[in-house]
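Student: Give me coordinates for this.
(one chain, ligands or ions: 1)
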Amino acid sequence: MHSCRGVTILGRSCASLVSNGGSQLLNRYSLACGAALLSLAAGASAGPRISDAWVRALPPTQSSTAGYLRVHNDGDEELVVIGASADIAGRVEIHTTVEVDGLLRMQRLPELRVPAGGVAEFAPGGAHLMLLELSRMPAPGQEVRLCLQFASAPEACTVATASKGLAGDGAAHHHH
Ligand SMILES: [Cu+2]
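Tutor: Numbering: from 1, shown residues only. Next comes the predicted model:
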């Protein structure tokens, strides 16, 4: 029960019920306390979470490159990615890769949806972050700060490591 008292919002009602409730009341309200605490804990940890971020290190003569990552939605409402930024790029667009007449082409997306409890993947051959107007091309191993903006959640940032990637995973970019 003492854990209930630690929660500011619930603290007063839980603590007073615990101190003056009969055993039947106590049981019923301790269940309510527990459930409320669980939902509070879930609310606190929900929201965008980014993992596995990397940026493709291309020759320094290139003025743009692609970033990849996973967006995890631990919440119970859909998340919508509406924009992105990077510390080395003047502007970042959300792109996807589509096949047109047998050729892979990039297409700009206005947004990308992450279902409740789901994951959206930015990965070679599919959706990616297009880093444009680069101030410098990151060398392999260098870190790049990537941030995502959401329609109704706070911005989420991560540190991506630059890498040349695996041989063959950059096919889509040959047709940029
Ligand atoms: Cu692109």
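
Student: The ion contacts on the protein?
Tutor: 95, 106, 130 (C-beta under 5 Å from the ion). Using the backbone N, CA and C atoms, a C-beta is placed for each residue, glycine as well.

Student: which of those has the weakest pLDDT?
Tutor: Here the lowest pLDDT out of the residues of the chain next to the ion sits on M106, with 94.

Student: Return the list of strands paired to the host helix or strand of that one, each annotated with direction.
Tutor: Element membership for M106 (DSSP states H and E) is strand 103-108. Paired neighbours of strand 103-108 in the sheet (DSSP bridges): strand 89-100 (antiparallel).

Student: pLDDT weak spots in this structure?
Tutor: 1-46, 167-176 (pLDDT under 70).

Student: Break it into its domains for me.
Tutor: 2-45, 48-165 (automatic domain parsing).

Student: Pick the most deeply packed of those domains.
Tutor: With neighbours defined as mean count of other C-beta atoms under 10 Å, the domains of the chain peak in mean count at domain 48-165, which reaches a mean of 17.

Student: what's the angle from the host helix or strand of L131 to strand 89-100?
Tutor: Applying DSSP H and E as the criterion places L131 in strand 128-134. With axes from the mean of the first three to the mean of the last three C-alpha atoms, to 10 degrees defining the directions, strand 128-134 sits at 140 degrees from strand 89-100.
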